[in-house]
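Enquirer: This is a predicted model, with the sequence first.
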Amino acid sequence: MEKSDKVKLIIGVSLIAFSILVIISFNQGLSPYLTVTQVVEKGVAKNVQVNGTIVPGSTVYYPDNNTRIFKLSDGKSTITVKYTGALSDYQEGIQAVVRGDYENGIFLADEVLLKCPSKYEVKKEEVR
C-alpha cells in the first residue's frame, strides 16, 4: 500500500468512527414525547417529555425552595409532577410540556414549558 492510500484509509476510518459517535450522542440526547397515559402504563420512564393540562386546584407551591407539585392530565390519566425552579405565567388549566423522569408515581421535571395562556385567543364577540 502506498503512503497516500494509507492516509486516505486512516481519514476514511476516522470519518466513519466520528459519524458513529455523533449518531450515538444524538440519540442519547433525545427525549421522546409520551402521553400521560403512556407514562403511567410504562411505570418508569427516563428522559421523556410529556404533554398535558395542569389540573385546576392541584398545585401546591413551596416558596422557600421554589418548588411546585401539581397534577398533569391528558384526559384519560393523571400524574403528579414535582418541579423546582422559576416559572413565569404559571396557571392551572393550561397546557404544559414537562421533561424529566417518571418513577414511583412521581414525575421529577427538569424543565416545564408552559403554553401561552388564552391571551392570544380571539374572543367570540370580536369575531363578526
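Expert: Yep, that arrived.

Enquirer: can you list contacts of stretch 33-47?
Expert: Residues outside stretch 33-47 that contact it (C-beta atoms under 8 Å, 6 or more residues apart in numbering) are 31, 48-52, 72-74, 76-79, 97, 99-103, 107. (Glycine included, C-beta is placed from N, CA and C.)

Enquirer: Pass me the low-pLDDT residue ranges in the chain, would you?
Expert: Within the chain, the stretches with pLDDT under 70 are 1, 19, 21-31, 117-128.

Enquirer: Spell out, range by range, the strands that occur in it.
Expert: Remark: strands assigned in the chain by DSSP state E are 33-35, 45-54, 60-62, 67-73, 78-84, 95-103, 106-114.

Enquirer: mind putting those strands in CSV, mean neighbour count and distance to residue 3 included?
Expert: Formatted as CSV, the strands of the chain follow (neighbours: other C-beta atoms under 10 Å; distance: least, C-beta to C-beta, whole Å):
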stretch, mean neighbour count, distance to residue 3
strand 33-35, 15, 51
strand 45-54, 19, 46
strand 60-62, 11, 68
strand 67-73, 19, 62
strand 78-84, 18, 59
strand 95-103, 19, 51
strand 106-114, 17, 51
